[in-house]
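got a predicted model here, sequence first, then my questions.
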Amino acid sequence: MDRGMHFPSKLRCKGPLRRVCTTSLLTSRGRKTKTASTRGSQLRERQGRPSRPCLASVNDRKEAATAGQLSVVEVDEAEWNRVRGLAEKSMFSACTALLYLIGFSFRLEGYMGYLLPLPIILMGVRHGAKSSWSTLALISILQIVLFGPVRAASFVCTHGFYSAVLATFWSGSKREAQGQQKKTWLGILLVTAAARAGGLIASIFVFSWVIGENILSLIFSGIENLVEQVFSVLGLPYLTFPLPRGLLAGTFCTLAILSSIFYVAVIYIMHSSVLFKMGYKVPLPKFLAKRLLKKRY
């Protein structure tokens, strides 16, 4: 029989010739498959690529990777942490800008102010103090582009500066298994409150320069009127008015520090609870630590 002859598909072998026809058909198909695979391997060798076996399933791929037949991409841990830090920094900066936009657009800046420090604190806890300050710089640049330099300066003085200071203190916090922290929560609270008071005073100077008015003198006059009313209600002898500038400045700084202490205490309790739930060990008061441990387990 001529090998070049082809029979139609309807032609079937009957009787004893059926087994012979089936065997010849399978042999011809095997020859074609072997020839095609040989041609493919020759083409790969010509192109300079090594021939790789066809893997039929995921298990075959795992076995091949274990045997060394597949190349495994290795990434340096330091490089991976750097890339992850950049991604988290951009994401947290965008979230902070969005929260700030919602706050001053819907007159909710007083409520959003309790959430604005969280992205900077998370960056400090996860990637170190340097990352928290660089995140603050990135947020400032983003807000200058979106809202202008005045809004950006207001954010940095009012919310950003003390958030970065608090993140710097918490930046040494690791997972719970790595031991206790040596820093006291009260010292961190007082330093952060002083940083917020300094930011408030700086924001007053910035707004005074922007609008061209001395806002600090208006605050001093308000304090003087308040002292006069308190003395008149209590029946105390009157003081010599106007009061000295040093006394007014001391009163103003004392009030700013007291308000900052209460404000930062609320921020401290809120965000330390969040970090504790995430598994980070930060300095906590004993009553709060006991409460969180009861709620956690």
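Nice, thanks for sending it over.

quick one: the helices in the stretch 1-150 of the chain?
17-47, 58-67, 77-105, 109-112, 117-127, 129-147, 149-155 (DSSP state H, counting those that start in this stretch).

now for the shortest one, which elements pack on it?
Here helix 109-112 touches helix 77-105, going by 3 or more Cβ pairs under 8 Å, 6 or more residues apart in numbering; DSSP states H and E. (Each C-beta comes from the backbone N, C-alpha and C, glycine too.)

can you mark which positions in the helix it packs on are buried?
85, 88-89, 92-93, 95-97, 99-100, 103 (16 or more other Cβ atoms under 10 Å).

which of those residues lies closest to residue 122?
Nearest to residue 122 out of these is residue 92 (Cβ to Cβ; 6.5 Å).

would you mind measuring from the closest one to residue 255?
According to Cβ to Cβ, to the nearest Å, residue 92 and residue 255 sit 32 Å apart.

okay, now the unreliable bits of this structure?
1-75, 173-183, 238, 295-297 (pLDDT under 70).

again, only using 90
Filtered on pLDDT under 90, the chain yields the residue ranges 1-82, 103-105, 107-111, 171-184, 213, 224-245, 247, 276-282, 284-297.

mind naming the longest helix for it?
helix 245-278 (DSSP state H).

how far off helix 117-127 does that helix point, in degrees?
Per axes from the mean of the first three to the mean of the last three Cα atoms, to 10 degrees, the angle that helix 245-278 makes with helix 117-127 is 60 degrees.

packing partners of helix 245-278?
Applying 3+ Cβ pairs under 8 Å, 6+ apart, one finds that helix 245-278 contacts helix 117-127, helix 161-170, helix 185-211, helix 215-234, helix 286-296.

7 Å instead, please
Under the contact definition 3 or more Cβ pairs under 7 Å, 6 or more residues apart in numbering; DSSP states H and E, helix 245-278 sits against helix 117-127, helix 185-211, helix 215-234, helix 286-296.

what is the orientation angle of the second one with helix 245-278?
So that's helix 185-211. With the same axes, to 10 degrees defining the directions, helix 185-211 sits at 120 degrees from helix 245-278.

buried residues in helix 185-211?
Of the residues in helix 185-211, those buried (16+ other Cβ under 10 Å) are 185, 188-189, 191-200, 203-204, 206.

residue 252 touches residue 221, doesn't it?
No: taking Cβ atoms under 7 Å as the definition, residue 252 is not a contact partner of residue 221, at 11.3 Å.

the more surrounded of these two?
The residue with more neighbours, out of residue 252 and residue 221, is residue 252; 18 against 12, by other Cβ atoms under 10 Å.

contacts only, for that one.
219-220, 223 (Cβ atoms under 7 Å, 6 or more residues apart in numbering).

among those, which one lies nearest to residue 120?
Using Cβ to Cβ, those come closest to residue 120 at residue 219, 28.2 Å.

ok, the residue lying closest to the closest one once chain neighbours are set aside to residue 170 distance?
Nearest residue to residue 219 in three dimensions, chain neighbours excluded: residue 252, at 6.1 Å (Cβ to Cβ, 6 or more residues apart in numbering). The gap separating residue 252 from residue 170 is 30 Å, by Cβ to Cβ.

same deal with residue 250?
31 Å.

show me which of these two is the more surrounded one.
residue 170 (25 against 11).

tell me who's in contact with that one.
121, 124-125, 282.

in a helix, residue 241, correct?
No: judged by DSSP: H, G, I helix; E, B strand; the rest coil, residue 241 forms no part of a helix; its state is coil.

tell me who's in contact with it.
224, 228.

phi first, then psi, for it.
When quoted as degrees, to the nearest 10, the phi and psi of residue 241 stand at phi -100, psi 150.

for the one 3 residues further on, same thing?
With angles defined as degrees, to the nearest 10, residue 244 shows backbone torsions of phi -60, psi 150.

now it: how far from residue 223?
12 Å.

those two: which is more packed in?
Using other Cβ under 10 Å, the more surrounded residue of residue 244 and residue 223 is residue 223, with 17 against 10.

looks like that one contacts residue 247 (just checking).
No: judged on Cβ under 7 Å, residue 223 makes no contact with residue 247 at a distance of 9.1 Å.

how about the closest residue to residue 285 other than its chain neighbours, what does it touch?
Nearest residue to residue 285, sequence neighbours excluded (Cβ to Cβ, 6+ apart): residue 185, at 5.8 Å. With contact taken as Cβ under 7 Å, 6+ apart, residue 185 is in contact with 283-285.

kind regards, and thank you for your time.
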